[in-house]
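Peer 1: Need the 3D shape of this:
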Amino acid sequence: MVSLQRTGGDVERLFGGGRYLATYLAAGIAGNIVSAWSSPNPSLGASGAVFGVFGAYFVFLNRNEWLLGDFGASMTNSITQTIAANLLLGALNPVIDNWAHLGGALGGAAMAYWFGPRLYLTELPESGKQILVDRPVVRLPRALEQLPERLGTSVNSVLDKLPGLPHQSAKPWRSGDFRRPKAYMPTRSLKPLPID
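Peer 2: All right, here's what the predicted structure looks like:
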C-alpha cells in the first residue's frame with residue numbers, strides 16, 4: 001500500500017481518473033486470472049492491481065521518454081528496481097503469489113499501451129505555438145474517463161443533503177475556512193460511578 005500511495009497519485013495525475021481506475025481494475029482482474037491459471041495456490045487480492053499501476057507507469061515513462069529525458073530514465077530505473085525487489089521477495093516467501101503480481105504488471109502495461117497517454121507536440125496553425133497533446137492508441141469512452149469525477153460530485157451532493165453534517169469542502173485546507181478541531185480535555189476525573 002505504501003508503493004501505491006507513492007506511485008498511484010502520479011499515475012492518476014498523468015492518466016486522469018477514468019483511465020487510472022480502468023487500468024487499476026483491469027490489472028487487478030488480470031492478476032487474479034493469471035494467479036488462478038498458473039499458481040498451485042491461487043490467491044485473490046489487490047496486489048496484482050498495485051503491480052499493474054507500476055506496469056502502467058513503466059510503459060508511460062518509456063513511451064514518452066523523448067519528453068521526460070533524464071527524469072523519465074531515473075523513474076524507469078526506480079520502477080524496475082521496485083518490481084524486481086518485490087518479485088524477489090515473493091520468490092523467497094511461499095505465501096506471496098508472484099503469478100498475481102506478474103499478471104497485474106502485464107495487465108497494467110497492456111492498459112497503458114492501448115489506453116494510456118501518448119504525448120505529442122503539435123503546432124497551432126494560427127499562432128505557431130506548440131502544445132502538448134495526448135493521443136492514445138484507443139480512447140476510452142468519455143463517460144468512463146469522467147466516471148470518477150462524476151461519482152465524486154454525486155457523493156458530495158448526497159452528503160450535503162444529509163442532516164446534521166456540517167458542509168466541508170473536499171480539501172478544507174485550501175478553502176481558507178479550515179479550523180483545526182479543539183482537542184477534548186475533560187475538566188474533571190472520569191471515574192465510573194459506584195453501582196448500588
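Peer 1: Can you tell me the SS state at the residue nearest to L124 when sequence neighbours are not counted?
Peer 2: In space, L124 comes closest to I131 once its chain neighbours are excluded; the distance is 6.3 Å by Cβ to Cβ, 6 or more residues apart in numbering. C-beta coordinates here come from the backbone N, C-alpha and C atoms, glycine included. Following DSSP: H, G, I helix; E, B strand; the rest coil, I131 is assigned to strand.
Peer 1: Report the contact partners of A49.
Peer 2: 24-25, 27-28, 31, 104, 108 (Cβ atoms under 8 Å, 6 or more residues apart in numbering).
Peer 1: now do L144
Peer 2: 18, 22.
Peer 1: Could you measure from it over to I131?
Peer 2: 25 Å (Cβ to Cβ, to the nearest Å).
Peer 1: which ones are touching the residue lying closest to R63 once chain neighbours are set aside?
Peer 2: Of all residues not flanking R63 in the chain, R118 sits nearest, at 6.0 Å (Cβ to Cβ, 6+ apart). Listed by Cβ under 8 Å, 6+ apart, the contact set of R118 reads 63-64, 134-137.
Peer 1: Include neighbour count and secondary structure when you put those residues into a markdown table, please.
Peer 2: Output for the contacts of R118, formatted as a markdown table (neighbours: other Cβ atoms under 10 Å; DSSP: H, G, I helix; E, B strand; the rest coil):
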| residue | neighbour count | secondary structure |
| --- | --- | --- |
| R63 | 19 | helix |
| N64 | 18 | coil |
| D134 | 15 | strand |
| R135 | 10 | coil |
| P136 | 17 | coil |
| V137 | 10 | coil |
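Peer 1: Mind picking the two most distant members of those residues?
Peer 2: Spanning the widest gap among those are N64 and V137, at 13.5 Å by Cβ to Cβ.
Peer 1: quick revisit: for the residue nearest to L124, list the residues it contacts.
Peer 2: Contacts of I131 by Cβ under 8 Å, 6+ apart are 121-124.
Peer 1: N86 now?
Peer 2: 3, 51, 101.
Peer 1: what about the residue nearest to I79 when sequence neighbours are not counted, how many neighbours?
Peer 2: Residue nearest to I79 in three dimensions, not counting chain neighbours: F58, with 4.9 Å by Cβ to Cβ, 6+ apart. Neighbourhood size, F58 [other Cβ atoms under 10 Å]: 20.
Peer 1: Am I right that F58 is in a helix?
Peer 2: Yes. Residue state for F58 (three-state DSSP) corresponds to a helix.
Peer 1: What is the burial count for L132?
Peer 2: 11.
Peer 1: how close does it get to F115?
Peer 2: For L132, the distance to F115 - Cβ to Cβ - is 18 Å.
Peer 1: What are the buried residues along the longest helix seen in the chain?
Peer 2: Criterion DSSP state H: the longest helix present in the chain is helix 65-92. When burial is assessed from 16 or more other Cβ atoms under 10 Å, helix 65-92 yields the following buried residues: 68, 72, 75-76, 79, 82-83, 86-87, 90.
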